[in-house]
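Engineer: what follows is a predicted structure for the sequence shown.
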Amino acid sequence: MSRFVLIIPFGALSLMLAACSSFPWLTKEEPAATSAPTAKNRCLLESEDCPPRKMTITELIAGLKHEIARGEAVYTPAELQKLENKLRDYEVMYDRLMYGNDD
């Protein structure tokens, strides 16, 4: 009987943990600082406050596209132009690495 009583709470606990990981909306998480609508991604914009792990070129391209899509609600026109220039440079670099294009 005592063995049965111990198994049920652990089974219920494992089901609750599985439910939380399967349904992320069940857990309340605070949004990251960069996900705020007005927060600028200083790592992509000015190479400041970057995480210790370096991003891959595909992550850089995706991040730049995301930040450019946020538009003038977050960035000034000069900053958007800077991000677009970086995106173009990384896309050229990616093409050269992947396809050997020298455009």
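Structural biologist: Nice, I can see it.

Engineer: and the closest residue to residue 43 other than its chain neighbours, which of the three is it?
Structural biologist: For residue 43, ignoring the flanking residues on the chain, the nearest one in space by CB to CB, 6 or more residues apart in numbering is residue 50 at 4.1 Å. Using the backbone N, CA and C atoms, a C-beta is placed for each residue, glycine as well. Judged by DSSP: H, G, I helix; E, B strand; the rest coil, the three-state class of residue 50 is coil.

Engineer: would you mind measuring from residue 50 to residue 87?
Structural biologist: Here the criterion is CB to CB, to the nearest Å. By it, residue 50 lies 17 Å from residue 87.

Engineer: more crowded one of the two?
Structural biologist: Ranked by neighbour count (other CB atoms under 10 Å), residue 50 and residue 87 place residue 87 first, with 18 against 13.

Engineer: isn't the residue nearest to residue 43 up against residue 59?
Structural biologist: No - Residue 50 is beyond contact range of residue 59, at 11.8 Å (criterion: CB atoms under 8 Å).

Engineer: shaky segments in the protein?
Structural biologist: Along the chain, the model assigns pLDDT under 70 to residues 1-37, 101-103.

Engineer: which helix in this structure runs the most residues?
Structural biologist: helix 77-99 (DSSP state H).

Engineer: buried residues in that one?
Structural biologist: For helix 77-99, burial by neighbour count (16 or more other CB atoms under 10 Å) applies to 79-80, 83, 86-87, 90, 94.

Engineer: and the contacts of stretch 50-61?
Structural biologist: 43-44, 63, 87, 90-91, 93-94, 97 (CB atoms under 8 Å, 6 or more residues apart in numbering).
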